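Q: 3D model of this:
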Amino acid sequence: MNNLKNKIEEILVKAISECGISIPAGVQILKNSDRPDLSDFQSNIAMSLAKALKKNPRQIATEIVEKITDKDLTVSIDGPGFINIIVGNDFVSKIVSCETFSEHKLKNPKTIIVDYGGPNVAKSLHVGHLRPSIIGEALKNLARFVGHNVIGDAHLGDWGLPMGMIIASIKEKGLKLPLSVDELNPIYPEASKRSKVDEAFMATAQEETKKLQNGDKENREIWNSFRKTSVDDIKKTLSLLNIDFDLWLGESDANDDINMLVPEFRAKNFTKMSEGAEVIDLSDYPMNNSPVPPFIVVKSNGAVMYGMTDMGTLYDRVKRKHADIIWYVVDSRQSLHFHQVFSAAEITGVKGNAELEHLSFGSVLGPDGKPLKTRNGDNVSLIDLISSTIKFARNKVDENEKTKSLSELEKDEIARDVGVAAIKFADLINPRTTDYIFNLEKSVSFEGKTGPYILYTAVRIKSLLRDIKDDFANADIILSNKSDKALAMKLCEFDEAIEKSFDVRGVHILVQYIYELATIFNDFYHNCKIGPEENLPLKKSWLKLSQMTLTVFERFASIIKINIPERM
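A: Residues are numbered from 1 along each chain as shown. This next block holds a predicted model:
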């Protein structure tokens, strides 16, 4: 919540009540002013009430304003009935002094499982894994900050026919285990391509898949070996983006639950036969008023599809991990799939009382406005995207006069911090469901709406606090001008930005807030000359506001997982 805004709203609601007016549900009472040069807050409540009360909105506004007697507020009426409110400096000081920016504590926290990343074993990570990994990591940490118990699960693609293709290829070629990443990664693309034209190879792959899923010792050993090689490589790549999972479970972990659920679905008559397959009818669960295909439990050849893998995973999450909410951070192309899974889970009771949410997202586009690809039309590998961004950031660091005296190792560390912040901020500043164009040069800029700009501002505060040794821990907040008041008021909005981001499952609200805070702080820094200020209480107040701003940046960094260097 915004404690400052809430206090003003309480005063306004009291005044409206004293006028004998009831406020309809859902009506906005107070908002930040559209004209900050004229007021801090504004209320259009009189306009909203005019029709119901059959009164002129300006008359309503006048009656409300007459009931507001708080000396800390300057209240006026503008136009047809807009109520403008200017908050006194002492009032703002009192509220901001109580802000701690700490993690929230809930009386009844929920258990939330975040399914994100979705890497596939034996396949290199590519740019398509960027958004689910970054968004999922940020949402996971945001939910923790709000006070919930949160579990992040990678949900590895490590089961099914692709594994059989890899095993068949390894056996055919007589490859010695363990394989290196470079040896492993080409196997599946080649096997997949071959399976489309070589029926004998496809039959072999299907047989190897069946043996694997039935527990064949040799196939399990091969699978365990290349799975470990692949997962270790995935962890290494994602660690560059400061991304990690609480659980590294895969589709394979759902196998036993699938084998339990299939006969249970049959016994309870949830399934029916359709073209040789066993399905759950979803005719009563349309999507956007359109009918959807049935949920396939068992294919006509006796195999299960990944819908049942999701069902088995869901069963485990609800029954054993006691999930109250499950977020699936998966791209929008899987909307139909999740509609089918969620519907079937409701029909069968597998979901229990858990809330299931598909948090879809848009695509990363190149400068041409099309999905980001290499010149050959292939997916850009994730490691190449990360490396090129960090390399570009390193060039920026080398050009900076302030970092020329640093060691090569220190420059490398700064470049990594800047590169990762550039990638994450460029993604998260956009609403989750929209596409965005990744512009390397723009994202690494130290000016504008970028990650490096946020880091630059935070490092500026660190330098300020390092250079000035005054003890300001117990200082009172004193507001003396527009710049320090604007900063104090913006700091009061942090919790509101956190809660709004959580409510809409969109970190872009928090990211936009942080950018605005950085802009306001830099204006404050330029207008309030802290170092030479002779008024010691005021100087300490400015230092305390600076420390509070840094604390907010650090909270933000812990949520999206970026590092703030000491110097840059």
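
Q: and the helix of greatest length in the chain, how far out from the chain middle?
A: Criterion DSSP state H: the longest helix present in the chain is helix 536-560. Mean C-alpha position of helix 536-560 versus that of the full chain (Cα atoms, centre = their mean, to the nearest Å) differs by 24 Å.

Q: show me what counts as buried in that helix.
A: 538-546, 548-553, 555-557, 559-560 (16 or more other Cβ atoms under 10 Å). Any C-beta I mention is one placed from the backbone N, CA and C, and that applies to glycine too.

Q: helices or strands next to it in the packing?
A: Packed against helix 536-560, as judged by 3 or more Cβ pairs under 8 Å, 6 or more residues apart in numbering; DSSP states H and E, are the following elements: helix 130-146, helix 408-428, helix 451-467, helix 482-491, helix 508-527.

Q: closest one to residue 386 among those helices?
A: Across those, the minimum distance to residue 386, taken as Cβ to Cβ, is reached by helix 408-428, at 6.9 Å.

Q: now the element after that closest one, going C-ward?
A: strand 436-437 (DSSP states H and E).

Q: same list (the helices and strands packed on helix 536-560) but as JSON lines, adding mean pLDDT and distance to residue 320.
A: Converted to JSON lines, the helices and strands packed on helix 536-560 look like this (pLDDT from 0 to 100; distance: least, Cβ to Cβ, whole Å):
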{"stretch": "helix 130-146", "mean pLDDT": "98", "distance to residue 320": "19"}
{"stretch": "helix 408-428", "mean pLDDT": "97", "distance to residue 320": "32"}
{"stretch": "helix 451-467", "mean pLDDT": "97", "distance to residue 320": "38"}
{"stretch": "helix 482-491", "mean pLDDT": "98", "distance to residue 320": "42"}
{"stretch": "helix 508-527", "mean pLDDT": "98", "distance to residue 320": "32"}
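
Q: most neighbours per residue, which of the ones you listed?
A: helix 130-146 (a mean of 24; mean count of other Cβ atoms under 10 Å).

Q: who touches the helix or strand just after it?
A: Counting by DSSP H and E, the next helix or strand C-terminal to helix 130-146 is strand 149-153. Outside strand 149-153, the residues within contact range by Cβ atoms under 8 Å, 6 or more residues apart in numbering are 109-116, 136-137, 140-141, 143-144, 244-247, 249, 321, 323.

Q: return the members of the residues you listed classed as buried.
A: 109-116, 136-137, 140-141, 143-144, 245, 247, 249, 323.

Q: give me the number of neighbouring residues for residue 218.
A: 12 (other Cβ atoms under 10 Å).

Q: so it sits in a helix?
A: Yes: counting by DSSP: H, G, I helix; E, B strand; the rest coil, residue 218 is part of a helix.

Q: gap between stretch 180-200 and the chain center?
A: The answer for stretch 180-200 is 34 Å, by Cα atoms, centre = their mean.

Q: could you give me the buried positions within that stretch?
A: Result for stretch 180-200 [16+ other Cβ under 10 Å]: buried residues 183-185, 187-188, 191, 195.

Q: now, the residues you listed that are in helices?
A: In this view, those that belong to helices under DSSP H are 183-184, 187-188, 191, 195.

Q: so residue 465 touches residue 546, yeah?
A: Yes: at 6.5 Å, residue 465 and residue 546 qualify as touching, with contact defined as Cβ atoms under 8 Å.

Q: re earlier: tell me the one of the buried residues of stretch 180-200 nearest residue 98?
A: Checking those one by one against residue 98 (Cβ to Cβ), the nearest turns out to be residue 185, at 54.3 Å.

Q: got the contact list for the closest one?
A: Taking Cβ under 8 Å, 6+ apart, we find residue 185 in contact with 122-124.

Q: apply 7 Å and report the result again.
A: Contact analysis of residue 185 by Cβ atoms under 7 Å, 6 or more residues apart in numbering lists residue 124.

Q: how close does it get to residue 157?
A: 14 Å (Cβ to Cβ, to the nearest Å).

Q: and the strands in the protein, which stretches?
A: 31-32, 41-43, 73-78, 82-87, 111-115, 149-153, 272-274, 277-280, 295-298, 325-328, 355-358, 364-365, 436-437 (DSSP state E).

Q: as TSV, those with mean pLDDT and distance to residue 49 would be great.
A: Putting those into TSV (pLDDT from 0 to 100; distance: least, Cβ to Cβ, whole Å) gives the following:
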stretch	mean pLDDT	distance to residue 49
strand 31-32	94	16
strand 41-43	96	11
strand 73-78	96	14
strand 82-87	96	12
strand 111-115	98	39
strand 149-153	98	41
strand 272-274	95	56
strand 277-280	96	50
strand 295-298	96	49
strand 325-328	98	37
strand 355-358	98	35
strand 364-365	94	45
strand 436-437	95	40
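
Q: residue 430: which of the ones you listed is closest?
A: strand 436-437 (4.4 Å).

Q: mind checking how far that closest one is from the chain centre?
A: Per Cα atoms, centre = their mean, the centroid offset for strand 436-437 relative to its chain is 17 Å.

Q: also stretch 57-66?
A: Worked out by Cα atoms, centre = their mean, stretch 57-66 lies 43 Å from the chain centre.

Q: then stretch 121-130?
A: 19 Å.

Q: who's in contact with it?
A: Taking Cβ under 7 Å, 6+ apart as the rule, stretch 121-130 contacts 117, 119, 156-158, 166, 184-185, 187-188, 226-227, 230-231, 234, 237, 364, 372, 379-383, 385, 427.

Q: now do the longest helix of the chain and helix 130-146, the angle between them.
A: 130 degrees (axes from the mean of the first three to the mean of the last three Cα atoms, to 10 degrees).

Q: residues contacting the closest residue to residue 88 other than its chain neighbours?
A: Nearest residue to residue 88 in three dimensions, chain neighbours excluded: residue 72, at 4.0 Å (Cβ to Cβ, 6 or more residues apart in numbering). Counting by Cβ under 7 Å, 6+ apart, residue 72 makes contact with 87-88, 90-91.

Q: got a PyMOL select line for the buried ones in these?
A: Command for PyMOL, covering only those of the contacts of residue 72 found buried under the criterion 16+ other Cβ under 10 Å:
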select buried, resi 87+88+91
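
Q: tell me the domain ranges of the protein?
A: 3-87, 382-560 (automatic domain parsing).

Q: mind putting those into a markdown table with distance to residue 291?
A: Output for the domains of the chain, formatted as a markdown table (distance: least, Cβ to Cβ, whole Å):
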| stretch | distance to residue 291 |
| --- | --- |
| domain 3-87 | 34 |
| domain 382-560 | 24 |
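
Q: residues touching the longest helix of the chain, excluding its own?
A: In contact with helix 536-560 (Cβ under 7 Å, 6+ apart) are residues 99, 101, 138, 141-142, 145, 424, 428, 454, 458, 461-462, 464-465, 468, 470, 472, 475-478, 480, 484, 487-488, 491, 494, 507, 510, 514, 517, 521, 528, 530, 533, 563-564.

Q: so of the contacts of residue 72, which two are at opposite extremes in space?
A: Longest span within the contacts of residue 72, Cβ to Cβ: 87 and 90, 9.3 Å.

Q: can you map out the helices along the stretch 301-450 of the chain?
A: 306-319, 335-348, 382-399, 408-428, 440-443 (DSSP state H, counting those that start in this stretch).

Q: list the contacts for the nearest residue to residue 427 once chain neighbours are set aside?
A: Leaving aside its sequence neighbours, residue 427 sits nearest to residue 134 (Cβ to Cβ, 6+ apart; 5.0 Å). Counting by Cβ under 7 Å, 6+ apart, residue 134 touches 241, 424, 427-428.

Q: for the residue nearest to residue 258 when sequence neighbours are not counted, list the residues it contacts.
A: Spatial nearest neighbour of residue 258, chain neighbours left out: residue 312 (4.1 Å); criterion: Cβ to Cβ, 6+ apart. With contact taken as Cβ under 7 Å, 6+ apart, residue 312 is in contact with 254, 257-258, 261.

Q: of all the contacts of residue 72, which comes closest to residue 279?
A: residue 87 (61.5 Å).

Q: who does the closest one bridge with?
A: Going by DSSP bridges, residue 87 is paired in beta bridges with residue 73.
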